[in-house]
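# Sequence plus the predicted model coming up.
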Amino acid sequence: VQLQASGGGTVQPGGSLRLSCAASGSVISIVAMGWYRQAPGKQRELVAFPSRGGGTNYADSVIGRFTISRDNAKNTVYLQMNSLKPEDTAVYYCNADLVTPFGLGSPENYWGKGTQVTVSS
C-alpha cells in the first residue's frame, strides 16, 4: 500500500498549487484521506481532513484559501491551494485511513512521503 503525493513546487505569494495524492496497492476501501504539513522547526499540523461526523476540518489559517476534494474512482485526494502565503511553506503529507487485506477489516492509518511547497518571491 502506497500513498504517492505530487504537485508541490515553488510559487510566488498569491499564487496557486494543486496537490494530488493517490492511494495504490491492496486498497479495499478508503475511509478518509487528507493533508497535513510540517514547516521547518515546527510540528506537523493538520491542513485538511474529513471529520467523523461529515464535512472537513481545515486549519484556521487555510480556511477560505484551501479546498480538499476526492476522486473515489481514482483513489485520489486533491488539495487546491489558492492565495498562497510564505507561511504556507512546508512539506505537505498525505494521510489516509485505509481498509486493506492486512488490517483484518479494520482501517489502518498510512502516511505518504510528502511533497515540498515553497512560497517565495
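Received, thanks.
# Next, the distance between the ends of stretch 86-102.
40 Å (C-alpha to C-alpha, to the nearest Å).
# how far away is the spatially most central residue of the chain from Gly8?
Most central in the chain under C-alpha atoms, centre = their mean is Trp35, positioned 2.4 Å from the mean C-alpha point. Distance of Trp35 to Gly8, given as C-beta to C-beta, to the nearest Å: 11 Å. Placement of C-beta: from N, CA and C, glycine included.
# just to revisit the earlier point, surely the residue nearest to the centre of the chain touches Val47?
Yes - using C-beta atoms under 8 Å, Trp35 is in contact with Val47, at 4.3 Å.
# Need the overlap of contacts for the two.
Leu79, Tyr92 (C-beta atoms under 8 Å, 6 or more residues apart in numbering).
# Quickly find the element holding the residue nearest to the centre of the chain.
For Trp35, the host element (DSSP states H and E) is strand 29-38.
# Run through who's touching that strand.
Identification of contacts with strand 29-38 by C-beta under 8 Å, 6+ apart yields 19, 21, 23, 44-50, 56, 68, 70, 72, 75, 77, 79, 88, 90-99, 107, 114, 117.
# So which bits of whichever helix or strand comes after it are buried?
With elements assigned by DSSP H and E, the helix or strand that comes after strand 29-38 is strand 45-50. By neighbour count with 16 or more other C-beta atoms under 10 Å, strand 45-50 contains the buried residues Val47, Ala48, Phe49, Pro50.
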